[in-house]
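# next comes the sequence, and after it the predicted model I'd like to discuss.
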Amino acid sequence: MNSQNKTANNAGNRRVVFLCLFLVAGMGGMAYAAVPLYQLFCQVTGYGGTTQRTANSEGIPILDREITVRFDANTAPELGWNFYPAQRSVTMKLGEVKTINYFIDNDTGVELNGMATFNVTPQSAGYLFNKMECFCFTETKVPAGEKLEMPVVFFVDPELVDEEETKDIQTITLSYTFYPSKKEELPVASSNTEAKDGAGG
C-alpha cells in the first residue's frame with residue numbers, strides 16, 4: 001500500500017515538474033513574441049491610438065487649421081542606449097506632410113538590437129495620424145559607438161475637424177518605446193571607470 005502511494009506521489013510530482021517547465025517555456029516564447037503580437041493586436045483592434053499607414057498624401061487637402069504634434073521617446077533599461085527626437089514638437093497644418101528625425105546613440109560598448117512600439121494620444125486621433133515612413137515594428141541594429149538617424153514622415157488627416165470626438169483636439173503626442181529584440185548583455189563598468197565617476201561626483 002505504501003509502495004503504491006509512493007509511486008502515485010512520484011507520478012504526481014513529475015506531472016507538476018513537467019507543467020512548470022511547460023509554463024516557463026511558454027512564458028519565454030510569449031516574451032519573445034510580445035512585440036509582433038502587440039503589432040497585430042493594435043492593427044486589428046485600433047488599441048493604443050494605432051496610426052494609419054499610407055504610401056502618399058495625394059488628394060489630401062491642406063487646411064489653415066493648425067495642430068501641434070509632440071514627440072516622445074522611451075527605452076527599456078536592457079538596451080541602455082540614448083533614444084530621442086530631433087525636436088520635441090512641431091506645429092503644422094492639417095493635411096501637411098512633415099518629417100521628424102529620431103536618433104539613437106549607442107555608447108554601451110556592444111552592438112544592440114531593438115524594436116519599437118508606438119502609441120498616439122489622444123487615442124481617438126490615432127486613426128487620423130497617417131505615417132508614410134516609420135521605423136516601428138522592425139528590428140533596429142545599432143553597432144557599438146554609433147549613432148543612427150531614423151525619419152518619421154507623417155500628416156494629420158483634415159477629417160479631424162469633421163469628427164465630433166476629435167474636432168477640438170489641439171495637440172497630438174506620438175510616443176515610441178524601444179524594447180530589446182533579443183537578450184542583451186551590457187558591459188560591466190570597470191573599477192577604473194567607477195573610480196573616475198566617483199572622483200568627478
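That came through, no problem.

# flag the shaky bits of this protein, pLDDT-wise.
Applying pLDDT under 70 to the chain picks out residues 1-58, 183-201.

# show me where it has helices.
Using DSSP state H, the helices of the chain run over residues 2-32, 34-45, 191-200.

# what comes up buried for stretch 66-75?
The neighbour-count check on stretch 66-75 (16 or more other C-beta atoms under 10 Å) flags 67, 69, 71, 73, 75 as buried. (C-beta placed from N, C-alpha, C; glycine too.)

# just give the closest residue to the third one, not the sequence neighbours.
On the basis of C-beta to C-beta, 6 or more residues apart in numbering, the spatially nearest residue to residue 71 that is not a chain neighbour turns out to be residue 85, at 3.8 Å.

# neighbours of the one you found, how many?
Residues near residue 85, counting by other C-beta atoms under 10 Å, number 19.

# with the one 4 residues further on instead?
Residues lying near residue 89 (other C-beta under 10 Å) number 14.

# nearest residue to it in space, please, no chain neighbours.
Distance criterion C-beta to C-beta, 6+ apart; nearest residue to residue 89, sequence neighbours excluded, is residue 70 at 4.5 Å.

# so who does the one you found touch?
Counting by C-beta atoms under 8 Å, 6 or more residues apart in numbering, residue 70 makes contact with 88-89, 171-174.

# next: residue 79.
By C-beta under 8 Å, 6+ apart, the contact set of residue 79 is 112, 114, 178-180, 184.

# swap the cut-off to 10 Å and go again
By C-beta atoms under 10 Å, 6 or more residues apart in numbering, the residues touching residue 79 are 104, 106, 108, 112-114, 140, 142, 178-181, 184, 186.

# and residue 103, how close does it get to residue 94?
Using C-beta to C-beta, to the nearest Å, we find residue 103 at a distance of 27 Å from residue 94.

# the more surrounded of these two?
Higher neighbour count among residue 103 and residue 94: residue 94, with 20 against 15, using other C-beta under 10 Å.

# roughly how far apart are that one and residue 119?
Residue 94 sits 21 Å away from residue 119, going by C-beta to C-beta.
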